[in-house]
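Novice: can you look at this prediction? I've put the sequence above it.
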Amino acid sequence: MTDCFLVYVTTSSRDEARELGRTVVEERLAACANIIGAIESFYHWEGTLETASECLLILKTSKLKLADLSTRLLKLHSYSCPAIVALPIQAGAQVFLDWIRSEVELEPT
C-alpha cells in the first residue's frame, strides 16, 4: 500500500465539482481533480427515498494532506452531509505516486 489516496466526492452539479476541484488543487490539498459527468443517485434522506442527479469528483492526495482536504471540502460543500470518502491507493505507477506527493507538498501559489 502507498501513502496516497483517491477521494470520492459527490456534488450537486458540474459547476460545484469544478469549483471544489479547482480550489483544492490551487490550495495544494489535492494534486489532481477529475470530474465524472452526470450520475444518478438513490438514497434515503430524512426518512424518504430520494433520487438525485449529481456529479462525481475524484481527487488525488497524500496521507499528509488528507485531513486538511476533508476539512476544506466539508467547509466548501453545499451539502450538509456530503459524501467524502478516502480510498487508499494500494499500488500504482511509482512516478505517478511520487508526482501526487510532490504536488501536494508544495506551498500554494
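Specialist: Received it, and whenever you're ready, just let me know what you need.

Novice: quick one: the strands in this protein?
Specialist: 4-11, 32-45, 48-62, 84-88 (DSSP state E).

Novice: go ahead and confirm residue 86 touches residue 66.
Specialist: Yes - counting by CB atoms under 8 Å, residue 66 is a contact partner of residue 86 at 5.7 Å. Quick note: C-beta positions are derived from backbone N, CA and C, even for glycine.

Novice: what sits in contact with each of these two?
Specialist: When contacts are counted by CB atoms under 8 Å, 6 or more residues apart in numbering, residue 86 and residue 66 have 5, 7 as shared neighbours.

Novice: out of the two, which sits in the busier spot?
Specialist: Using other CB atoms under 10 Å as the criterion, residue 86 and residue 66 rank with residue 66 on top: 20 against 16.

Novice: now do the same for the more buried one: its pLDDT.
Specialist: If you check residue 66, the pLDDT there is 98.

Novice: my read: it touches residue 5, true?
Specialist: Yes - Residue 66 lies in contact with residue 5 (CB under 8 Å); the separation is 5.7 Å.

Novice: overlap of the contact sets of the two?
Specialist: In contact with both residue 66 and residue 5: residue 86, using CB under 8 Å, 6+ apart.

Novice: what pLDDT does the closest residue to residue 91 other than its chain neighbours get?
Specialist: Among residues not flanking residue 91 along the chain, residue 2 sits closest, at 7.0 Å (CB to CB, 6 or more residues apart in numbering). If you check residue 2, the pLDDT there is 84.
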